[in-house]
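Novice: Could you work out the structure for the sequence below:
(2 chains)
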Number of protein chains: 2
Amino acid sequence: MNAWLDQVNWGSDGLAPVITQEFSTKQVLTLAWMNRESLQLTADTGHAVYWSRSRQKLWHKGEQSGHQQIIKSIRIDCDQDAILLEVEQLGGIACHTGRHHCFFLQLQNGEWQPTEPVLKNPDEIYQ
Amino acid sequence: MNAWLDQVNWGSDGLAPVITQEFSTKQVLTLAWMNRESLQLTADTGHAVYWSRSRQKLWHKGEQSGHQQIIKSIRIDCDQDAILLEVEQLGGIACHTGRHHCFFLQLQNGEWQPTEPVLKNPDEIYQ
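Specialist: Residues are numbered from 1 along each chain as shown, chains lettered A, B, ... in the order given. A predicted model of the protein is given here:
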C-alpha cells in the first residue's frame, strides 16, 4: 500500500530534504526535512509535517503559530532523494523570525544582507 | 575576507543543501549540495558550482552538457544552513534526464507519476 514511500531514497539518517514553495507566488519558503512518517502524515492530512532535526521529533508546521501549510502538490526529484512541496501558507509567514520566507539573507558585496521585512514580532507569534 | 563563507553553518560532512530556482519562471530546478569551495567558486565565477556527493568532486554545472547556470542571486536561510540560488538556466534543461527540472515525479493516487516532458535525449546531451 505504501510502495511510494519505499521509492524515496531516504538518507542514512532516514531523512530527505524538503523544499517548500508557495503555490500562488512560487516563492521558496523553507528548506526542512522529512522522515518516512512525516511524509506519510503530510500526504494523509494535507498539511505539511516535517521532522525537526534540532528537537528530534515530528513537527506539525504551524502547531504553535497557526501558520499551517496546506498541501497543493508533493513531488520528488530524478534521484528520488529530495522532495518539493507546493503549499498555501496560512498567515503569510513561513519563517520563525516573522518573515514571509526563510531566505532573507542575500550575498551583496561580500556580506549577507537581510532583504525581507519582519511582518510580525516572533514574540507575538509564539505565545 | 571570506567571513561570509564562515557564516554558513556547514553540515558535519562540510556540505549544505542548495535549492536552485529559475530566475525568469521561479521554477525550482534542482536540489544539490555545496561545500565551502564550491560556494566560493560560484560567487567568484558567476556560474553554479556544486559538490557531487556521488563522484566526491567539484561539479561545474554544465561542464559536459553546456547547460550552465548563470547566477542572479545567492541567499541563505534563517538558520544559515541552506542556500537558495536564482539562476538563468542555459539550454532550458537542468535535469540529467533531459527535462527542464528534476522534480518531475508527482504523487497522484498513491503513485509517483512523471509530469514533465523529456526535451532532449540524454544521449545527445552527454556525448
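Novice: Run a quick check on A:Ile93 versus A:Asn121, I expect a contact.
Specialist: No: using CB atoms under 8 Å as the test, A:Ile93 is too far from A:Asn121 to be in contact (10.9 Å). From N, CA and C alone the C-beta is placed, and that goes for glycine too.
Novice: buried stuff in stretch A:2-9?
Specialist: A:Trp4, A:Val8 (16 or more other CB atoms under 10 Å in any protein chain shown).
Novice: Quote the end-to-end distance of it.
Specialist: 14 Å (CA to CA, to the nearest Å).
Novice: go on, stretch A:92-103?
Specialist: With CA to CA as the measure, stretch A:92-103 spans 14 Å from end to end.
Novice: Could you do stretch A:48-63 as well?
Specialist: Terminal-residue distance, stretch A:48-63 (CA to CA): 11 Å.
Novice: on that earlier part again, neighbour count for A:Ile93 and A:Asn121, which is higher?
Specialist: Using other CB atoms under 10 Å in any protein chain shown as the criterion, A:Ile93 and A:Asn121 rank with A:Ile93 on top: 22 against 10.
Novice: Check for me that A:Gln80 belongs to a helix.
Specialist: No: counting by DSSP: H, G, I helix; E, B strand; the rest coil, A:Gln80 falls outside a helix, being coil.
Novice: Please name the residues that touch it.
Specialist: By CB atoms under 8 Å, 6 or more residues apart in numbering or on different chains, the contact list for A:Gln80 reads A:Gln7, A:Val8, A:Asn9, B:Leu105, B:Trp112.
Novice: ok, now A:Gln106?
Specialist: Going by CB under 8 Å, 6+ apart, A:Gln106 touches A:Trp112, A:Gln113, A:Thr115, B:Ser73, B:Ile74, B:Arg75.
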